[in-house]
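A.B. asks: structure here, sequence nowhere to be found:
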Ligand SMILES: NC(=O)CC[C@H](N)C(=O)O
């Protein structure tokens with residue numbers, strides 16, 4: 001006998017998907033995206049870049065590795081909710097401390113299982129990431145008209161500044177990450193670690209860990225830190241983190257701050273939102289993509305070496321390569337759609353990428369970018 005639905009997902013065009021609720025009860029409005037990664041649902045849900053988004057996992061077995069506190073990319077899940085094919089799979093992993101659904105319930109995140117995620121993914125591809133409302137009610141009572149109206153009334157991510165909200169409130173020193181861990185990727189830098197200020201627009205922990213493991217001494221600073229405050233730390237390099245929302249909405253604080261830093265001869269490295277904001281600071285423009293890139297198998301070509309790297313991706317905005325000013329060179333492109341995936345400033349130690357060299361989850365083909373950042377600080381030091 002069919003089970004009575006206890007959750008429902010309503011798209012702004014009026015399409016309704018019923019299923020079984022898990023995690024917290026209640027209702028959320030968000031942008032709906034799909035992620036094709038086969039592992040790493042916990043890292044994805046705790047990636048602060050997913051604020052105000054609900055993630056549909058195309059991989060059907062979600063829950064099989066349970067929840068492992070060490071795998072959090074931020075203290076709490078940030079994605080507003082998740083959509084999965086089946087009920088959450090029972091955890092079977094020696095590292096797990098408990099099941100996915102208990103954690104989601106404790107942390108106030110809504111889930112729906114039993115959804116035809118192939119059909120839903122096709123709808124996302126056709127419509128572009130839709131605005132949706134997801135509701136979980138154990139009594140199965142849903143006011144569909146009100147839900148559709150709420151989805152239609154939501155303004156969406158364009159123009160929305162979320163980086164400030166998810167950023168740390170105060171500066172702190174990041175301690176985790178072993179220098180030796182990465183020995184296979186290159187020689188340990190000589191001398192003491194490089195002083196790096198990492199601006200936190202919603203930074204994933206594995207980025208901070210990767211910086212440390214490549215030889216950086218990392219001070220994390222809030223998104224609204226001024227150039228003066230950053231320079232007061234006498235950094236040898238500045239890192240611009242990933243983060244949620246529209247990069248153009250950070251035009252009041254992050255973009256002008258980065259422009260001030262660009263007047264110095266300071267190595268700068270940006271990832272994802274950091275990449276987009278650096279491009280804006282250099283005079284380029286960003287655009288909203290149709291359904292974005294979210295997965296752990298996205299091929300990217302390094303334009304300068306011709307090498308292809310398989311990357312982890314999570315973005316819904318992109319740098320418009322047509323708008324890159326003179327002196328800013330496109331270094332990487334997506335082999336899925338040709339969109340921009342990297343830039344560097346000619347003659348300056350300043351570069352950034354759209355994809356995620358820290359993986360978590362995903363392949364580690366792009367780890368060399370951390371080395372590149374450290375090497376540029378090494379050249380500056382000598
Ligand atoms: N992972 C990120 O940093 C995402 C950047 C930006 N919020 C986007 O969706 O494109």
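C.D. replies: Ah, there it is. The structure presented is a predicted model; accordingly, all values stated were derived computationally and were not measured. Numbering: from 1, shown residues only.
A.B. asks: could you list every helix and strand in contact with the longest helix seen in the chain?
C.D. replies: Ordering each helix of the chain by length in residues (DSSP state H) puts helix 368-381 first. Secondary-structure packing of helix 368-381 (3 or more Cβ pairs under 8 Å, 6 or more residues apart in numbering; DSSP states H and E): strand 194-200, helix 205-213, strand 216-222, strand 237-240, strand 268-271, strand 350-353. Bear in mind the C-beta positions are built from the backbone N, C-alpha and C, glycine included.
A.B. asks: can we see that at 6 Å?
C.D. replies: Contact partners of helix 368-381 among helices and strands, from 3 or more Cβ pairs under 6 Å, 6 or more residues apart in numbering; DSSP states H and E: none.
A.B. asks: what parts of this structure come near the ligand?
C.D. replies: 49, 242-245, 272-273, 314-317 (Cβ under 6 Å from any ligand atom).
A.B. asks: for the longest helix of the chain, what does the pLDDT average out to?
C.D. replies: Summarised as a single mean, pLDDT over helix 368-381 is 94.
A.B. asks: residues of that helix that come out buried?
C.D. replies: By 16 or more other Cβ atoms under 10 Å, the buried positions in helix 368-381 come out as 368-378.
A.B. asks: of those residues, which is the nearest to the ligand?
C.D. replies: Using Cβ to the nearest ligand atom, residue 369 comes nearest to the ligand of these, at 14.6 Å.
A.B. asks: where does this protein have low pLDDT?
C.D. replies: By pLDDT under 70, the low-scoring segments of the chain are 1, 178-190.
A.B. asks: one more pass at 80, please.
C.D. replies: Where the chain drops to pLDDT under 80, the residues are 1-2, 177-191.
A.B. asks: mind naming the longest strand for it?
C.D. replies: Counting by DSSP state E, the longest strand found in the chain is strand 286-302.
A.B. asks: got the contact list for that one?
C.D. replies: 33, 35-37, 124-125, 128-129, 158, 247-248, 276, 308-320, 332-335, 341, 355, 361-362 (Cβ atoms under 6 Å, 6 or more residues apart in numbering).
A.B. asks: buried among those? Need that as a selection in PyMOL.
C.D. replies: Buried subset of the contacts of strand 286-302, written as a PyMOL selection, criterion 16+ other Cβ under 10 Å:
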select buried, resi 33+35+36+37+124+129+247+248+276+309+310+311+312+313+314+315+316+317+318+319+332+333+334+335+341+355+361+362
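A.B. asks: please narrow the contacts of strand 286-302 to those residing in helices.
C.D. replies: Reading helices off the contacts of strand 286-302 with DSSP H, I get 124-125, 276.
A.B. asks: nearest to the ligand, of these?
C.D. replies: residue 276 (6.1 Å).
A.B. asks: strand partners of the longest strand of the chain, parallel vs antiparallel please.
C.D. replies: Strand 286-302 has the following strand partners under DSSP bridges: strand 308-319 (antiparallel), strand 328-334 (antiparallel).
A.B. asks: distance to residue 289 for those strands - can I get that in CSV?
C.D. replies: Formatted as CSV, the strands paired with strand 286-302 follow (distance: least, Cβ to Cβ, whole Å):
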stretch, distance to residue 289
strand 308-319, 5
strand 328-334, 10
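A.B. asks: quick check: the closest residue to residue 34 other than its chain neighbours vs the ligand, distance?
C.D. replies: The spatially closest residue to residue 34, leaving aside those adjacent along the chain, is residue 56, at 4.3 Å (Cβ to Cβ, 6 or more residues apart in numbering). Distance, residue 56 to the ligand, using Cβ to the nearest ligand atom, to the nearest Å: 16 Å.
A.B. asks: how about residue 56, what does it touch?
C.D. replies: 34, 83, 117, 120.
A.B. asks: okay, now the first one: neighbour count?
C.D. replies: By other Cβ atoms under 10 Å, 23 other residues sit near residue 34.
A.B. asks: with the last one instead?
C.D. replies: Other residues within reach of residue 120 by the criterion other Cβ under 10 Å amount to 22.
A.B. asks: from residue 151, how far out is it?
C.D. replies: 14 Å (Cβ to Cβ, to the nearest Å).
A.B. asks: same deal with the first one?
C.D. replies: Spatial separation of residue 34 from residue 151 under the definition Cβ to Cβ is 17 Å.
A.B. asks: which phi and psi does the residue nearest to residue 40 when sequence neighbours are not counted have?
C.D. replies: Leaving aside its sequence neighbours, residue 40 sits nearest to residue 361 (Cβ to Cβ, 6+ apart; 2.3 Å). As for residue 361, its main-chain torsions (degrees, to the nearest 10) stand at phi -100, psi 160.
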